[in-house]
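Engineer: Sequence and predicted structure below; questions after.
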Amino acid sequence: MAIAGRFDTHEVTNQSPPFADVDLFALDAPLQEAVRANGAAEEAKALSAFGQRWGAADMLDLARRANAHPPELKAFDASGVRRDFVEFHPAYHLFMAESFAARLHVSTWRPDGSAASAPAQVARAARFYMAGQVETGHLCPITMTRAAVAALAAEPQLVAALMPKIAARDYDPVFRPWPQKKSITLGMGMTEKQGGTDVRTNTTRAVPAAHGYMITGHKWFMSAPMSDAFLVLAQAPGGLTAFLMPRFRPDDSLNGLRLQRLKDKLGNRSNASSEVEFTDAYALRVGEEGRGVRTILQMVQLTRLDCAIASAGLMRMALAQAIHHARHRVVFDKPLAEQPLMQAVLADMALEVEGALALVMRLCRAFDLAAGDPREAARARLLTPAVKYLVCKIAPSLIYEAMECLGGNGYVEENIMPRLYREAPVNPIWEGSGNVMCLDVLRAIERDGETSRAVIADLANEAADLPGARAASELIDAVLSSGEPERQSRGAVERLATLAAAAALGSSGPSQVAELFARTRLGAARGATYGTSKVSAVETAAVLKRALPE
Ligand SMILES: Cc1cc2nc3c(=O)[nH]c(=O)nc-3n(C[C@H](O)[C@H](O)[C@H](O)COP(=O)(O)OP(=O)(O)OC[C@H]3O[C@@H](n4cnc5c(N)ncnc54)[C@H](O)[C@@H]3O)c2cc1C
């Protein structure tokens, strides 16, 4: 009988076993600490069950399949009649069903659409972070559905009608009018060919009609096109306005959403992103005419938060894969993980992931507390764009470095690394690209200078004992008070988010980790690559043990 791994010419040895059938929560000490520190300690058992489920080998394989077989547009049926239907691989639907069952699409809302009480945001973020480690494409409709509720709040009647369908746990992919479905998902359409950031340039028009509006125009990017309805922006007589556009009209006929084609994307391949034309598409107004941007920004703030959580999750999986491999792969008679230079690279990456995780979880805590605490509301407002900026931006380079730790194995498609790597750049680009996030931080400070400065002072106080904290807050101050804050805003926003990460680590992790993070990220100049931070052998061992127990 043939023995697995034995060829006629050689035997397979010195390859790392798959990182699978693991509990993504139990293996992640920083995650457990962040959950505890941010008020969700009682979730630990349920999070461990979630971590086991999502870390199972079959989930990882399903994620591979969902991305290897991207969705296909079926614009017409055999008779040439429009269908405007997108067909997904069954694995994609399985992930949607899993995330629905775990309520990732709605757990931060009560059944009436009001905000769920703390620690709803933190508990969901811990799950979203783990789900993001496994399959991120399907999280696009999941995040848009949960975020849409914030925009719909402008129309209580719509919330009352839709909430029972949004809140349902049974994922229902059947393509039929939303009132006939067990559950629904929601998407958004803002970006047009001539402008995504500057939505004031939208040319799509909305004309008042008998029971709503008729919308004509296009969207250049509209993801998750099989959503049951979309929050879209269009020019109404009173200015740019938000609308809810369902896939079917009230008489059950197909609404005038004509899917032109699906984007051929770098990553995010399990998810569909469409180009779409609206031809007299029926829609309902959400919020007042002329207040579209303000209305839809309620939704965007939450999708930005999810971009950062998902990017932190992608980094975590890349780091875990790298450490796992380095512990099993022997080079020059010693496991890679015991070689000082590889240790330096791994520990530097582990610190980066610690900071990103602490940062997003503390931000979720601010969202949890915002309703009853104006200072936390101001923290959430100021830091959301800063956190999205930093966490989403560092993910691609960290994932690449982790890929290199696996050598050539990290570069081939049987491995998860190429998928993680391709997935990473979408989060910094969509829902406000890097520069736009920096401008948004400046806007928050301009609009509410005193409160924003109080938040920055809070962060400086929380991190006061940490190296570099004072210098960081002075730099932020100097940029804000300079005559040209916009030109220097990337540096200031990066410092702001790093200061917030140090402060978050100070309150959630062991003091040595916060100290080490601040020393290497705020206190000293770092090189352009991982492994250039000055970290001792003892500190390295402690950081790696926390990152992934042996
Ligand atoms: C996979 C994917 C899915 C998407 N899904 C959706 C979706 O479902 N719905 C939707 O509406 N959109 C979606 N988008 C579109 C996305 O939100 C936009 O691409 C993004 O907002 C940027 O807009 P833009 O492409 O028009 O670029 P532009 O607005 O032209 O921006 C180009 C660059 O200029 C920078 N910039 C903009 N303004 C300034 C300024 N004042 N100063 C300095 N720099 C500036 C930006 O940071 C960016 O780097 C998706 C995009 C991708 C890649």
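Structural biologist: Yes, it's here. Since we're looking at a predicted model, the values are computed, not measured.
Engineer: Please enumerate the strands of the chain.
Structural biologist: Defined through DSSP state E, the strands belonging to the chain, from first to last, are 72-76, 82-87, 186-189, 205-209, 212-223, 229-236, 239-246, 257-262, 273-286, 330-331, 334-335.
Engineer: For those, could you give me TSV that also reports mean pLDDT, mean neighbour count and distance to G137?
Structural biologist: For glycine as for every other residue, the C-beta is placed from the backbone atoms N, C-alpha and C. Compiled in TSV, the strands of the chain are given as follows (pLDDT from 0 to 100; neighbours: other C-beta atoms under 10 Å; distance: least, C-beta to C-beta, whole Å):
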stretch	mean pLDDT	mean neighbour count	distance to G137
strand 72-76	97	14	14
strand 82-87	96	16	13
strand 186-189	98	26	14
strand 205-209	98	16	31
strand 212-223	98	21	10
strand 229-236	98	26	18
strand 239-246	98	24	23
strand 257-262	98	18	13
strand 273-286	98	21	10
strand 330-331	98	12	34
strand 334-335	98	13	34
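Engineer: So which bits of the stretch 51-200 of the chain are right by the ligand?
Structural biologist: Where proximity means C-beta under 6 Å from any ligand atom, the interface of the stretch 51-200 of the chain facing the ligand comprises 187-191, 195-197.
Engineer: and which of these is nearest the ligand?
Structural biologist: Using C-beta to the nearest ligand atom, the shortest approach to the ligand within these belongs to G196, at 2.2 Å.
Engineer: got the contact list for that closest one?
Structural biologist: Contact analysis of G196 by C-beta atoms under 8 Å, 6 or more residues apart in numbering lists 190, 220-221.
Engineer: any idea how far E550 is from N427?
Structural biologist: Relative to E550, N427 is positioned 31 Å away (C-beta to C-beta, to the nearest Å).
Engineer: same check, this time on R124
Structural biologist: If you measure R124 against E550 using C-beta to C-beta, the figure is 30 Å.
Engineer: neighbour count winner among the two?
Structural biologist: Relative neighbour count places R124 above the other of R124 and E550, with 26 against 8, counting by other C-beta atoms under 10 Å.
Engineer: before we move on, back to that, and the strands of the chain as a markdown table, adding distance to E98?
Structural biologist: What follows is the strands of the chain, written out as a markdown table (distance: least, C-beta to C-beta, whole Å):
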| stretch | distance to E98 |
| --- | --- |
| strand 72-76 | 22 |
| strand 82-87 | 20 |
| strand 186-189 | 19 |
| strand 205-209 | 37 |
| strand 212-223 | 19 |
| strand 229-236 | 23 |
| strand 239-246 | 26 |
| strand 257-262 | 23 |
| strand 273-286 | 22 |
| strand 330-331 | 37 |
| strand 334-335 | 35 |
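Engineer: Surely K393 touches A424?
Structural biologist: No. Look at K393 against A424 with C-beta atoms under 8 Å: they stay out of range, at 9.5 Å.
Engineer: Tally up the residues packed near H10, please.
Structural biologist: Each residue near H10 was counted by other C-beta under 10 Å, and the total is 8.
Engineer: scratch that, E486 is what I was asking about
Structural biologist: Under the neighbour criterion other C-beta under 10 Å, E486 is assigned a count of 12.
Engineer: and it, what does it touch?
Structural biologist: Here E486 is in contact with 438-439, 442 (criterion: C-beta under 8 Å, 6+ apart).
Engineer: Have a look at K393 and A424 and say which one is more surrounded.
Structural biologist: A side-by-side neighbour count of K393 and A424, using other C-beta under 10 Å, places A424 first with 27 against 20.
Engineer: Just give the closest residue to A492, not the sequence neighbours.
Structural biologist: Excluding the flanking residues, the one nearest A492 by C-beta to C-beta, 6 or more residues apart in numbering is V479, at 3.8 Å.
Engineer: Show the contacting residues for that neighbour.
Structural biologist: Each residue near V479 by C-beta under 8 Å, 6+ apart is listed here: 485, 488-489, 491-492.
Engineer: residues from the protein in reach of the ligand?
Structural biologist: Within reach of the ligand by C-beta under 6 Å from any ligand atom, the chain has these residues: 187-191, 195-197, 221-223, 265, 268, 273, 426, 429-431, 433-436, 439.
Engineer: Please repeat the previous calculation with a cut-off of 5 Å.
Structural biologist: Neighbours of the ligand within the chain, by C-beta under 5 Å from any ligand atom: 188, 190-191, 196-197, 221, 223, 273, 426, 429-430, 433, 435-436.
Engineer: Can you tell me which of these comes closest to H69?
Structural biologist: Checking these against H69 with C-beta to C-beta, the nearest one is S273 at 16.1 Å.
Engineer: Just the CA atoms of stretch 484-494, as CSV, please.
Structural biologist: Included here for stretch 484-494 are C-alpha records, laid out as CSV according to Å, rounded to 0.1, in the frame of the first residue of the first chain:
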residue,chain,number,x,y,z
GLU,A,484,-1.4,73.7,6.3
PRO,A,485,-2.8,70.8,8.3
GLU,A,486,-4.1,69.1,5.2
ARG,A,487,-0.7,68.6,3.6
GLN,A,488,0.7,67.1,6.8
SER,A,489,-2.4,65.2,7.8
ARG,A,490,-1.3,61.7,7.0
GLY,A,491,1.5,62.0,9.5
ALA,A,492,-0.8,63.4,12.2
VAL,A,493,-3.5,60.9,11.6
GLU,A,494,-1.0,58.0,11.7
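Engineer: Flag every buried residue along it.
Structural biologist: Buried residues in stretch 484-494, counted by 16 or more other C-beta atoms under 10 Å: 485, 489-490, 492-494.
Engineer: okay but V12 is in contact with I3, surely?
Structural biologist: No. Between V12 and I3 there is no contact under C-beta under 8 Å: 10.1 Å.
Engineer: For the longest helix along the chain, give the mean pLDDT please.
Structural biologist: For the chain, the longest helix by residue count, based on DSSP state H, is helix 292-328. For helix 292-328, mean pLDDT is 98.
Engineer: Please point out which parts of that helix sit buried.
Structural biologist: Applying a neighbour-count criterion of 16+ other C-beta under 10 Å, one finds 292-293, 295-327 buried in helix 292-328.
Engineer: if I pick A150, what's in contact with it?
Structural biologist: For A150, the contacting residues are 298-299, 301-302, taking C-beta under 8 Å, 6+ apart as the criterion.
Engineer: now swap in P225 and tell me
Structural biologist: The neighbourhood of P225, defined by C-beta under 8 Å, 6+ apart, consists of 84, 86, 187, 257, 259, 262, 272-274, 276.
Engineer: at 10 Å what do you get?
Structural biologist: 71, 73, 84-86, 141, 187, 189, 219, 247, 257, 259, 262, 271-276 (C-beta atoms under 10 Å, 6 or more residues apart in numbering).
Engineer: Also T145?
Structural biologist: Shown in contact with T145 (C-beta under 10 Å, 6+ apart): 99-100, 104-106, 166, 183-187, 224, 227-229.
Engineer: The ligand: which of the contacts of V479 is nearest?
Structural biologist: Of all those, the one with the least separation from the ligand (C-beta to the nearest ligand atom) is S489, at 9.5 Å.
Engineer: What sits closest to that closest one if chain neighbours are left out?
Structural biologist: Nearest residue to S489 in three dimensions, chain neighbours excluded: C438, at 4.0 Å (C-beta to C-beta, 6+ apart).
Engineer: Contact partners for the one you found?
Structural biologist: Contact criterion C-beta under 10 Å, 6+ apart gives 385-386, 389, 432, 485-486, 488-494, 496 as the residues in contact with C438.
Engineer: Can you lay out those as CSV showing distance to A469 and pLDDT?
Structural biologist: Converted to CSV, the contacts of C438 look like this (distance: C-beta to C-beta, whole Å; pLDDT from 0 to 100):
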residue, distance to A469, pLDDT
P385, 21, 98
A386, 16, 98
Y389, 19, 98
G432, 27, 95
P485, 21, 95
E486, 25, 97
Q488, 20, 96
S489, 20, 97
R490, 20, 97
G491, 16, 96
A492, 15, 97
V493, 16, 98
E494, 14, 97
L496, 12, 98
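Engineer: Narrow those to those in helices?
Structural biologist: Secondary-structure check on the contacts of C438 using DSSP H: residues within helices are 385-386, 389, 489-494, 496.
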